[in-house]
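1. Sharing a sequence plus its predicted fold:
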Amino acid sequence: MTDLLPDGAIKLAQRAENKTDAIRQVGATLVEVGAVEPEYVEAMLEREEMVSTFVGEGVSIPHGTDASRAHVKRTALAVLQFPDGVDWNGNDVRLCVGIAAKGSEQVGILSSLAQVLLDADAAARLRGADSPETIVGILQSMDEETVQ
């Protein structure tokens, strides 16, 4: 999973007014790292209207619709940390993991992230990370545990 995090894809200590702002920020990060075209961000907002991307443990995983794959240049993740929290339909989100997937690998990425989030300690370490390297290290260690 860590190979899907290009330089600049992890941003700590961010602020968002609301979930729409948070989704726009994570989408903009995916645009900045060259993973998606700007149209993909609107598809992320559209997906959120269909079903909440809040997954528990203070984490949301916004991603586009199936049709929006046409706007994905390469599969990638973006991780934004919101220490002050973002109201996500009454839930408090501290970590927003945006997914851009060219093909069906989105299901595998969601599954891998779900494994991380099932570990409450790992999720807490991600929410409280003080460096991008810490986030990469946590995700990498979870990847290694999944392989074993």
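-> Yep, it's here.

2. mind checking the SS state of the most centrally placed residue in the chain?
-> Against the mean C-alpha coordinate of the chain, by Cα atoms, centre = their mean, the closest residue is residue 97 at 1.0 Å. At residue 97, secondary structure determined by DSSP: H, G, I helix; E, B strand; the rest coil is strand.

3. what's near enough to touch it?
-> By Cβ atoms under 8 Å, 6 or more residues apart in numbering, the contact set of residue 97 is 26, 59-62, 77-79, 113. (Each C-beta comes from the backbone N, C-alpha and C, glycine too.)

4. what sits up against the worst-scoring helix or strand of the chain on mean pLDDT?
-> When each helix and strand of the chain is scored by mean pLDDT, DSSP states H and E, helix 105-118 comes last, with a mean of 73. The contact list for helix 105-118 (Cβ under 8 Å, 6+ apart) reads 1, 4, 55-57, 59, 61, 63, 75, 77, 97, 99, 101, 122-123, 126, 138-139, 142-143, 146.

5. Could you rerun that using 10 Å?
-> 1, 4, 53, 55-59, 61, 63-64, 66, 69, 72, 75-77, 95, 97, 99-101, 122-123, 125-126, 138-139, 141-143, 145-146 (Cβ atoms under 10 Å, 6 or more residues apart in numbering).

6. Could you turn the buried ones of the residues you listed into a ChimeraX selection?
-> Selection of the buried residues among those in ChimeraX, burial being defined by 16 or more other Cβ atoms under 10 Å:
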select :1,4,53,55,57,58,59,61,63,64,69,72,75,76,77,95,97,99,100,101,122,123,125,126,138,139,142
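
7. about what we covered before: among the contacts of residue 97, which are in helices?
-> Judged by DSSP state H, helices contain the following of these: 26, 113.

8. Helices of the protein, start to end?
-> For the chain, helices defined by DSSP H occupy the ranges 19-32, 39-50, 105-118, 120-127, 132-147.
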